[in-house]
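Participant: no FASTA, just this:
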């Protein structure tokens, strides 16, 4: 499988594949590239509906030029020890960030959330995030505010009580799931209100009633599953005979 930067011809093939409605995996297969490479390329350059090969190629050249001529800045690694490969960690960080972006999380918010997930402590200060991501404090502050509203992180004061740390702990993902289920339940409630407004038995009202029943079922199922599986978030994996981690049953 080839490595290195995408060529302009490959970017043109990506654009043609997107225009034909091909999945990222299929485009990657045709180019003999990892799917993650195609996904990052597209998401970094406008997304599947706005991607243009020529603009993407020029943007990549500009980024490379800026990196070449920029003053060196220290970037603190978030994941150290445990025999980790720094390049593999960086690749994984980018892939995880891209996944969040595909699911609708804005780029900077996705970068901050990924940083918190992959650090062993599960918490970072604003200055640590700024240093690692090499962005402005204002960008980090905006991302933190967004993630808080989504219930994905929380703030803590540690050490001397003056420095805030931003935390993702075991229950954060549970609380976020509960909030998501609550949002779906609100869709059900609002859809059901429309039944009376549009007239019971009308095609529109029937559609809304079906949406409400479906949303009720999904919301209740998520809540039930989250409660049943909550302890998984607090379970430490056991080592299997071959040295890999396995969840406790």
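Facilitator: Looks like it came in fine. Because the structure is a prediction, the values reported are computed rather than measured.

Participant: going on from the longest helix along the chain, what's the next piece of helix or strand?
Facilitator: Longest helix of the chain, by residue count under DSSP state H: helix 170-198. Using DSSP states H and E, the helix or strand that follows helix 170-198 in sequence is helix 203-229.

Participant: Now do that next one: which elements does it pack against?
Facilitator: Taking 3 or more C-beta pairs under 8 Å, 6 or more residues apart in numbering; DSSP states H and E as contact, the helices and strands that helix 203-229 lies on are helix 170-198. C-beta here means a position set from N, CA and C on the backbone, and glycine is covered the same way.

Participant: how distant is the helix it packs on from the center of its chain?
Facilitator: Taking the mean of its C-alpha atoms, helix 170-198 sits 21 Å from the chain's own mean (C-alpha atoms, centre = their mean, to the nearest Å).

Participant: neighbours of residue 31, just the number please.
Facilitator: For residue 31, the tally of surrounding residues (other C-beta atoms under 10 Å) stands at 20.

Participant: I'd guessed it sits against residue 38; true?
Facilitator: Yes: distance between residue 31 and residue 38: 7.3 Å, which falls inside the contact criterion (C-beta atoms under 8 Å).

Participant: how about the strands in the chain?
Facilitator: Counting by DSSP state E, the chain has strands at residues 123-125, 154-158, 163-167, 238-239, 245-246.

Participant: Where does pLDDT dip in the chain?
Facilitator: Filtered on pLDDT under 70, the chain yields the residue ranges 1-3, 63-82, 158-162, 237-249.

Participant: hmm, try it at 80
Facilitator: 1-4, 60-84, 86-87, 103, 151, 157-163, 169-170, 172, 234-249 (pLDDT under 80).

Participant: how is it carved up into domains?
Facilitator: For the chain, the structural domains run 8-59, 86-168, 171-234, going by automatic domain parsing.

Participant: excluding its backbone neighbours, what's nearest residue 22?
Facilitator: Nearest in space to residue 22, with sequence neighbours left out and distances taken as C-beta to C-beta, 6 or more residues apart in numbering, is residue 30 at 8.0 Å.

Participant: re earlier: the strands of the chain: which one's closest to residue 188?
Facilitator: Proximity to residue 188, assessed across the strands of the chain by C-beta to C-beta, is greatest for strand 154-158 (28.1 Å).

Participant: ok, and what's touching the closest one?
Facilitator: Counting by C-beta atoms under 8 Å, 6 or more residues apart in numbering, the neighbours of strand 154-158 from elsewhere in the structure are 123, 144, 148, 163, 164, 165, 166, 167, 169, 172.

Participant: now the third one: how far from residue 214?
Facilitator: Taken as C-beta to C-beta, to the nearest Å, the spacing of residue 148 relative to residue 214 amounts to 30 Å.

Participant: Check this structure and tell me which residue is nearest its centre.
Facilitator: Nearest to the mean C-alpha position of the chain, by C-alpha atoms, centre = their mean, lies residue 100 at 1.6 Å.
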